[in-house]
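> Got a predicted model here, sequence first, then my questions.
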Amino acid sequence: MVFLSFVYRFLTNFAFMALVYFSLNFMEKYQNRAILAILVLVYSGMRAASTLRAFYFFQKIEKLEAETKRLQAPINDGSGGTNSRKQIVVDVGRLRRDGELKSYMDLFFLALIVLLCVANIMRQ
């Protein structure tokens, strides 16, 4: 399922980039193409801001993971139920890393889309 989530994220980002590319290239009037490119740039900027905010969230989760591991070390001596706690910490760490990778993928495609839009605005 993890692999499929990466494939899905890649395909949706690629489809959005292809949609932007074909939409901008089939516009014949410069004014219409520039308006569409500016709207896509605004949308890409909002998505990039959201993605960067997600990185801040992932950073806080990483700090919580480290704190949980630090607090869990003395507890592991004799109490029960630590295996489930360890598994939860491992799962959260894996989900955080996967989320970061997906965010990097989003930022890569958003950068490509910004380049497409700027190139189409500059082209006459």
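All right, it came through fine.

> Not counting its neighbours along the chain, what's nearest residue 2?
Distances taken as CB to CB, 6 or more residues apart in numbering place residue 98 nearest to residue 2, at 6.2 Å, with adjacent residues excluded. (Glycine included, C-beta is placed from N, CA and C.)

> Strands along this protein, start to end?
Counting by DSSP state E, no segments of the chain form strands.

> quick check: longest helix of the protein.
helix 30-75 (DSSP state H).

> For it, name the packing helices and strands.
When contacts are defined as 3 or more CB pairs under 8 Å, 6 or more residues apart in numbering; DSSP states H and E, helix 30-75 packs onto helix 2-26, helix 82-122.

> wait, what's in contact with the residue nearest the centre of the chain?
Centroid check for the chain by CA atoms, centre = their mean gives residue 103 as the closest residue, at 1.9 Å. The contact partners of residue 103, by CB atoms under 8 Å, 6 or more residues apart in numbering, come to 51, 54-55, 58.

> could you redo the last one with a cut-off of 7 Å?
By CB atoms under 7 Å, 6 or more residues apart in numbering, the residues touching residue 103 are 51, 54-55.

> Now, of those residues, which are buried?
residue 51 (16 or more other CB atoms under 10 Å).

> Nearest to residue 94 among the contacts of residue 103?
Of all those, residue 54 has the smallest distance to residue 94: 16.3 Å, by CB to CB.

> Does residue 34 touch residue 122 like I think?
No - applying CB atoms under 7 Å as the test, residue 34 and residue 122 come out as separate, 9.8 Å apart.

> weakest of the helices and strands packed on helix 30-75 in terms of mean pLDDT?
Ranked by mean pLDDT, those bottom out at helix 82-122, with a mean of 89.

> How far off centre is that helix?
3 Å (CA atoms, centre = their mean, to the nearest Å).

> That one to helix 30-75, inter-axis angle?
Helix 82-122 and helix 30-75 are oriented at 160 degrees to each other (axes from the mean of the first three to the mean of the last three CA atoms, to 10 degrees).

> what's the neighbour count on the residue nearest to residue 27 when sequence neighbours are not counted?
Spatially, and ignoring its direct neighbours in sequence, residue 27 is nearest to residue 33 (3.9 Å; CB to CB, 6+ apart). Neighbour count of residue 33, defined by other CB atoms under 10 Å: 20.
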